[in-house]
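**Q** Any chance you could fold what I've pasted below:
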Amino acid sequence: MQQIDMNSDEFQAEMEKTGKFVDKVYSQFGWVPNPNEEVNEGVTMGLARNKLIYGKRFCPCFMVIGETKEEQKAADNRICPCTPAIEKEIPEDGLCHCGIFCTSEYAAAQAQHNEIEEIVHEHSRGLTKEQAETLLQEEQLDGDELEALIEAKNLGMIYFTLVDTREHMEYQMAHIVGTDVLVPTSQFYAKVEEELAGKKSENIILYCHSGSRSYQVQHAMKGMGFEHVCNLRPGIIGFSGETQRG
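**A** I've put the predicted structure just below:
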């Protein structure tokens, strides 16, 4: 797998081209950006990365299936702006799966929601040890549940390994505070054995940008014998807790 240096002239040039591409899509379909700028930046970076690696702007929220161009075409990988987003996701939900393309109505409502969340967010989750242990048995977690579990972990009530399944450049841009391991989806089979050996019976929580890549990784890990694997279903874009760059 080709490694991309996000500081290279090549990547920065492709980022500029991808930014113009995204602006063109907004104009063509009458969509607007997500009010969360980190969402837009992260998806744009993923699109630029995929363009350099695969020659196409495959949706960065899904694993690219296929080694060759022929296999990738046969697998019907999503290419931005993808048909599911145009025909179903945006008309029904107000935004595409990755969140970069939104209707103006959704963006306005989300901006208002974000403002309220910022005001009321500061409070203690207060899980008991038993409640935290029970929550760790769930298959899918939302952002508030993960934040509560991180608090419980910091208090020494429970233990789990928090795994980011995105790419290195996404991790550098922003990752959840408390992340223990980075296992990029593009290097999954090589990295999972290297980073998570000996943890097959332990609690593991996965996350990615929107929950899709980590959901695929969750099922792959179960097939490899990992017993307790949770997934942050909305991804980091649905997590309102503490994140950091670098």
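
**Q** Next, residue 145: secondary structure please.
**A** Here residue 145 is helix, with the state taken from DSSP: H, G, I helix; E, B strand; the rest coil.

**Q** Determine which residue lies closest to the centroid of the chain.
**A** With distances taken as CA atoms, centre = their mean, the residue of the chain nearest its centroid is residue 209 (1.1 Å).

**Q** can you pull the pLDDT of that one?
**A** We have a pLDDT of 95 for residue 209.

**Q** all helices for this protein, in order.
**A** With DSSP state H as the criterion, the chain has helices at 9-29, 37-54, 69-74, 83-84, 90-93, 104-120, 129-135, 143-154, 168-173, 188-196, 212-223.

**Q** I'd like those laid out as CSV, including mean neighbour count.
**A** The way it works is simple: take the backbone N, C-alpha and C, and place the C-beta from them, glycine included. Shown next, in CSV, are the helices of the chain (neighbours: other CB atoms under 10 Å):
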stretch, mean neighbour count
helix 9-29, 14
helix 37-54, 21
helix 69-74, 12
helix 83-84, 12
helix 90-93, 13
helix 104-120, 12
helix 129-135, 14
helix 143-154, 20
helix 168-173, 18
helix 188-196, 15
helix 212-223, 20
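
**Q** right, so of these, which gets closest to residue 234?
**A** helix 143-154 (5.9 Å; CB to CB).

**Q** which residues are contacting the closest one?
**A** By CB atoms under 8 Å, 6 or more residues apart in numbering, the surrounding residues in contact with helix 143-154 are 124-125, 127, 129, 132, 135-136, 138, 141, 158-160, 162, 176-178, 205, 207, 232, 234, 238-241.

**Q** wait, which of the helices of the chain is closest to residue 62?
**A** Across those, closest to residue 62 is helix 212-223 (CB to CB), at 5.4 Å.

**Q** what mean pLDDT would you report for the closest one?
**A** Per-residue scores along helix 212-223 average to 95.

**Q** Spit out the contact partners of the residue nearest to the centre of the chain.
**A** 42, 43, 46, 60, 61, 98, 166, 170, 235, 236, 237.

**Q** what do you get if the cut-off is 6 Å, keeping everything else the same?
**A** 42, 61, 166, 235 (CB atoms under 6 Å, 6 or more residues apart in numbering).

**Q** how near is the third one to residue 78?
**A** Computed as CB to CB, to the nearest Å, the residue 166 to residue 78 distance reads 17 Å.

**Q** Between those two, point out the one with more neighbours.
**A** The residue with more neighbours, out of residue 166 and residue 78, is residue 166; 27 against 20, by other CB atoms under 10 Å.

**Q** Show the contacting residues for that one.
**A** 208, 209.

**Q** Next, count neighbours for residue 7.
**A** Counted with other CB under 10 Å, the neighbours of residue 7 add up to 8.

**Q** Nearest to residue 245 among the helices of the chain would be which one?
**A** Counting by CB to CB, residue 245 lies closest to helix 168-173 out of the helices of the chain; the figure is 6.3 Å.
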